[in-house]
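**Q** dropping the sequence and predicted coords here.
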Amino acid sequence: MTRETWKTQVGFILAAVGSAVGLGNVWRFPWMTANNGGSAFLLLYLCIIVLVGVPGLLGAFVIGRRSKRNPVGALRSLSGGSRLWGAFGLLAVCTTVLLVSFYTVVGGWFVRYTAASITGGYFADPGAYFGSVNYGLPAFGFALLFLAATAVIVYGGVERGIERATKLMMPAIVVFLIALIAWTFTRPGSMDGLTFFLSPDLAYLRTHFLDILPAAVGQAMFTLSVGTGTMITYASYLGEERSLPFDATTIAVLNTAVGVLAGLLVFPLLFSFGLDVGSGGPGAIFVSVASAFSTLGLFGRVLGVVFFAVVLLAALSSSISMLEIPVAYLVDERDFSRGRATGVMAGVVAVGAAVCALDASVFSLFADTLVNLLMPTGLAGFLLFVGWVLGKNALSEYEAGAGPLGRALGSPWLLFVGVPIPIFLLFTVISRLLSTLGVSAAPLSVLGVTVASSTAVLAAAVVLTVIAVLGLRRPDSVF
Ligand code: PHE
């Protein structure tokens, strides 16, 4: 059987942007920004997108296009059959299953809000409304609707399902966000929201750097869909003629633009309605936007339906890119038919979604903590693989189809993904792990020398990376 490929030149870019742009930008980004200091978070997040996100995307593309496989098959075949790398690929597949479980619940919230906009259900008290619908059995029911839609598109396959569905969503969401932002700026008080979001708060950044770093890294990974194998799988359907550096940059720019647009909408809205930014949590987007629509009467209902439906479409183009990973794995590696693979995985995800929908603390464990831990871990592994297992082969894959500028950046890119980025990612993962486990950040005494705990964590990250590099180096490695 010949493997499917993208039908049109723009098919891949659109689908990859469709995967990237989703609830991560519109729902998770405002939540994380609000909880982590506003503009300080934004600044850090933007730096990470450029320095880690784009090189990371490139790493995923190289693995995917080179192997033409799902993450498990890709790592296993490119490493010459290593079981350990196969297992690491499986970890990425499992991460994706976990992500799509909570994602489905949020997708369900959007389904519900689309419907409630018609009836004006949230108009009376948008804050209380969110509190009454976010978890519980009905939330699970709406999640199932969202999951069913996702599964139907995934079942349709790459060209018929995914490519067609995404072409429409992207332009629609941008137009709609811009129109809403324009309206928001006419409201009194909106400028304070703009200040919260945009005026760089360097003092906050300096004092809270280590607290907000893991969240900023996790969010950058989540929004770009890297670290789980989605981008590996999408690039596996890609021909040699595309320039990977160009595609990665385009995807990151478009995706970041949508996130920033969402911020420009949500924060001015929250401030102009006098709503508390910090306590918004996962409901920030719902409460803020619903408050806006509720002041507009019938027009608000129309706007509400369109807004929530458009975001829902963007969410679908991301959730299909998640479900596609375990499905591609079962089809490629376990000889499942596409229909059976989709059915089985939808069942597994339904169980995950039930757990998230019924318990708020499990939900935030998945949506916050695990995202911030697992995605950077996944990306660190992929990039060590690219730098040291693929080595020269990664470079030639990177260069195929690339323009002169892209080629010139090839070797620096390979070095960058081989050493500094893994150290940085491991540093954030260990820091987050320690704070999650409640290990204190007090200075440590190592061999009689007192060092700040962050220095100790950095040293651990460096040692781990060095061990990995020494273990992985082969004659093919460039450095
Ligand atoms: N990037 C998607 C979003 O922002 C989420 C996603 C994560 C999709 C990981 C695929 C893989 O909504």
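**A** Ah, there it is. Numbers count the residues shown, from 1 in each chain.
**Q** please count neighbours and contacts with C-alpha atoms only from this point.
**A** Noted.
**Q** got the contact list for L91?
**A** Residues in contact with L91 (C-alpha atoms under 8 Å, 6 or more residues apart in numbering) are G378.
**Q** tell me the spacing between it and the ligand.
**A** Distance of L91 to the ligand, given as C-alpha to the nearest ligand atom, to the nearest Å: 13 Å.
**Q** distance check, that residue against V258.
**A** Distance, L91 to V258, using C-alpha to C-alpha, to the nearest Å: 29 Å.
**Q** measure G59 to the ligand for me?
**A** For G59 relative to the ligand (C-alpha to the nearest ligand atom), the value is 15 Å.
**Q** helix or strand: which one has that residue?
**A** helix 54-67 (DSSP states H and E).
**Q** quick check: mean pLDDT of that helix?
**A** Taken as a whole, helix 54-67 has a mean pLDDT of 97.
**Q** check which element follows it along the chain.
**A** Tracing the chain C-terminally past helix 54-67 and defining elements by DSSP H and E, one meets helix 71-78 next.
**Q** what helices or strands is that following helix leaning on?
**A** helix 54-67, helix 83-119, helix 297-334 (3 or more C-alpha pairs under 8 Å, 6 or more residues apart in numbering; DSSP states H and E).
**Q** tilt between that helix and helix 297-334?
**A** Counting by axes from the mean of the first three to the mean of the last three C-alpha atoms, to 10 degrees, helix 71-78 lies at 40 degrees to helix 297-334.
**Q** any residue of helix 71-78 touching the ligand?
**A** No: Helix 71-78 does not reach the ligand (C-alpha under 6 Å from any ligand atom); its nearest approach is 12.5 Å.
**Q** contacts for that helix?
**A** Against helix 71-78 from outside (C-alpha under 8 Å, 6+ apart): 63-64, 67-68, 82-90, 92-93, 229, 232-233, 325, 329, 332-333, 390.
**Q** could I get the helices and strands packed on helix 71-78 as JSON lines with distance to A215?
**A** Formatted as JSON lines, these follow (distance: least, C-alpha to C-alpha, whole Å):
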{"stretch": "helix 54-67", "distance to A215": "17"}
{"stretch": "helix 83-119", "distance to A215": "16"}
{"stretch": "helix 297-334", "distance to A215": "20"}
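**Q** so which of those is the most surrounded?
**A** Ranked by mean neighbour count, these are led by helix 54-67 with a mean of 26 (mean count of other C-alpha atoms under 10 Å).
**Q** excluding its backbone neighbours, what's nearest A315?
**A** G22 (4.5 Å; C-alpha to C-alpha, 6 or more residues apart in numbering).
**Q** ok, the one you found touching S321?
**A** No: contact criterion C-alpha atoms under 8 Å: G22 and S321 do not qualify, at 10.7 Å.
**Q** picking up where we left off before, let me see the contact set for the residue nearest to A315.
**A** Counting by C-alpha under 8 Å, 6+ apart, G22 makes contact with T223, V311, A314, A315, L316, S317, S318.
**Q** returning to that earlier point: elements contacting the helix holding G59?
**A** Using 3+ C-alpha pairs under 8 Å, 6+ apart: helix 54-67 touches helix 71-78, helix 230-235, helix 244-272, helix 371-384, helix 392-399, helix 410-418.
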